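A.B. asks: got a sequence here, can you model it:
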Amino acid sequence: MPETNIVKRINKWKIFTGKPAGRPKSRWEDDVRNDLKKTKLMNWAEKVQDRLKWKDIVEKAKTLSELQRHIRRRRRRRRRRRRRRRRKKTKKKKTKKKKKKKREEEEEKKKKEKEKQQQKKKTKEEEEEKKNEEKKEEEEVEDFSYS
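C.D. replies: Numbers count the residues shown, from 1 in each chain. Down below sits the predicted model:
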């Protein structure tokens with residue numbers, strides 16, 4: 001096959017992205033299996049089929065102190081994550097508001113500067129007009145004096 005063949009190029013192609021760092025995120029099913037290991041429950045897949053037995057097992061598991069600690073720890077972590085997310089959101093909102101406020105202030109400054117420049121131009125034009133009028137008057141006076 002020639003090097004330009006699409007199939008060959010795809011087979012040789014290497015992906016440039018890597019795997020995410022750290023351990024993989026735990027899934028709900030993994031957490032349940034870990035809890036079952038802590039309760040030292042054997043043949044749980046068969047016991048799940050009978051609802052009454054499974055209900056009893058779940059009630060017993062709720063009373064285990066080790067599981068309780070584990071559950072509390074999980075809840076704390078979730079709360080912390082939620083708080084962090086909320087803080088990030090509020091920070092983003094605050095920074096957006098600050099940026100918006102800054103933009104508005106800058107726009108106001110620009111407007112004021114433009115107004116000042118326009119006023120300066122007007123005053124300069126008025127002064128020039130006055131000077132021109134004075135010159136004309138002087139010329140008229142001079143012309144009048146010669147005649």
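A.B. asks: which SS state does the residue nearest the centre of the chain fall under?
C.D. replies: Among the residues of the chain, the smallest C-alpha distance to the mean C-alpha position (C-alpha atoms, centre = their mean) belongs to Lys92, namely 5.7 Å. Going by DSSP: H, G, I helix; E, B strand; the rest coil, the secondary structure assigned to Lys92 is helix.
A.B. asks: quick one: it from Glu140, how far?
C.D. replies: With the distance defined as C-beta to C-beta, to the nearest Å, Lys92 ends up 71 Å from Glu140. Glycine gets a C-beta too; all of them are placed from N, C-alpha and C.
A.B. asks: and the next element down the chain from the host helix or strand of Asn11?
C.D. replies: Element membership of Asn11 [criterion: DSSP states H and E] is helix 6-12. Reading on from helix 6-12 to the C-terminus, the next helix or strand found by DSSP H and E is helix 28-38.
A.B. asks: what packs against that next one?
C.D. replies: helix 65-146 (3 or more C-beta pairs under 8 Å, 6 or more residues apart in numbering; DSSP states H and E).
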